[in-house]
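**Q** sequence first, predicted model second:
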Amino acid sequence: MLKQQKKPSIERGQQTIVFEEPLWSNYLDSNWRATAIYDHGEFRIEKDLSGKRLLYDLRSFQAFAFCAVGALMFFFFGLPGGLLNGLKFGGLAFGWVYGMNIGIALIRVPALIKRTVRSD
């Protein structure tokens, strides 16, 4: 799954796999992958009384920082209309760009994981 998503693993254990891939590493490649927004992730299998569970932790700090800088630009564009107007523009830009990307990823990543686990 990580090979298909072009996220090379940096650490592999018997129960854990970790990837770290800067967002700009595949800049000219397709960004339609489910994990495109994430720059760091960990997948691990835990055993408990009910059996095995796949847990994952995905992070997108670089996308967050990029969207925050973009929101700052929109804040300055709206600033001539007043501080509140600047905050509205910046908040709307951040919520739209980052929120939409994360929202889509929150739907697509679990579906990708379910398809991958079922196919194996």
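**A** Noted; the coordinates are in hand.

**Q** at which residues are the strands of the chain located?
**A** In order along the chain, the chain carries the following strands (DSSP state E): 9-12, 16-20, 40-48, 51-59.

**Q** let me have those strands in CSV, extended by mean neighbour count, mean pLDDT and distance to L79.
**A** Placement of C-beta: from N, CA and C, glycine included. As requested, the strands of the chain are arranged in CSV below (neighbours: other Cβ atoms under 10 Å; pLDDT from 0 to 100; distance: least, Cβ to Cβ, whole Å):
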stretch, mean neighbour count, mean pLDDT, distance to L79
strand 9-12, 11, 84, 41
strand 16-20, 17, 92, 36
strand 40-48, 14, 91, 33
strand 51-59, 12, 90, 31
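
**Q** I'd like those as a markdown table, with distance to V109 appended.
**A** Written out in a markdown table, the entries for the strands of the chain read as follows (distance: least, Cβ to Cβ, whole Å):
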| stretch | distance to V109 |
| --- | --- |
| strand 9-12 | 16 |
| strand 16-20 | 13 |
| strand 40-48 | 9 |
| strand 51-59 | 7 |
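
**Q** my read: K7 touches F19, true?
**A** Yes. Between K7 and F19 there is a contact at 4.2 Å, judged by Cβ atoms under 8 Å.

**Q** which residues do these two both contact?
**A** Taking Cβ atoms under 8 Å, 6 or more residues apart in numbering as the contact criterion, the common neighbours of K7 and F19 are G41.

**Q** returning to what we had before: to K3, which of the strands of the chain lies closest?
**A** Nearest to K3, of all the strands of the chain, is strand 9-12, at 9.0 Å by Cβ to Cβ.

**Q** perfect, that will be all.
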